[in-house]
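Undergrad: Show me the folded form of this:
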Amino acid sequence: QVQPVESGGGLVQAGGSLRLSCAASGRTFSSYAMGWFRQAPGKEREFVAGISWSGGRIYADSVKGRFTISRDNARNTLYLQMNSLKPEDTALYYCAKARGVVATTTPASYDYWGQGTQVTVSS
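TA: Predicted coordinates:
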């Protein structure tokens with residue numbers, strides 16, 4: 001099993017930056033794709049970024065050029081560097097382990113989820 005635990009959320013002004021971390025327990029972290037999702041109040045959970053076993057990355061159009069996903073397999077840790085933050089980025093951010101080795105945008109493709117970390121961007 002890979003159990004994700006997110007950290008690094010907080011309150012930041014528009015234009016600022018945050019780095020989210022996701023520590024994943026379990027010895028098989030490096031064998032799977034990982035992803036970040038977010039959910040704002042009253043909205044459905046949406047894909048933010050994903051990274052495959054091979055290191056290939058995909059991003060939602062809304063964050064492309066501003067967010068960067070990365071992983072450190074030696075530390076079993078996933079990261080999300082968020083720059084140029086906007087108020088519409090405010091949400092609860094979740095880290096998730098994929099069922100396979102290739103990252104996808106579909107929540108159903110992920111089987112282990114963290115509890116989330118809150119990101120609030122003020123205008």
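
Undergrad: Going by neighbour count, which residues of stretch 31-44 are buried?
TA: For stretch 31-44, burial by neighbour count (16 or more other C-beta atoms under 10 Å) applies to 32-38. Where C-beta positions appear, they are placed from N, C-alpha and C, glycine not excepted.

Undergrad: Tell me the span between the first and last residue of it.
TA: The stretch stretch 31-44 measures 28 Å between its terminal residues, going by C-alpha to C-alpha, to the nearest Å.

Undergrad: got it, and stretch 107-122?
TA: Per C-alpha to C-alpha, stretch 107-122 runs 27 Å from first to last residue.

Undergrad: Tabulate the buried residues of stretch 31-44 in JSON lines, adding columns for pLDDT and distance to T104.
TA: Below are the buried residues of stretch 31-44 laid out as JSON lines (pLDDT from 0 to 100; distance: C-beta to C-beta, whole Å):
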{"residue": "Y32", "pLDDT": "93", "distance to T104": "12"}
{"residue": "A33", "pLDDT": "96", "distance to T104": "8"}
{"residue": "M34", "pLDDT": "96", "distance to T104": "11"}
{"residue": "G35", "pLDDT": "97", "distance to T104": "8"}
{"residue": "W36", "pLDDT": "98", "distance to T104": "13"}
{"residue": "F37", "pLDDT": "98", "distance to T104": "11"}
{"residue": "R38", "pLDDT": "98", "distance to T104": "16"}
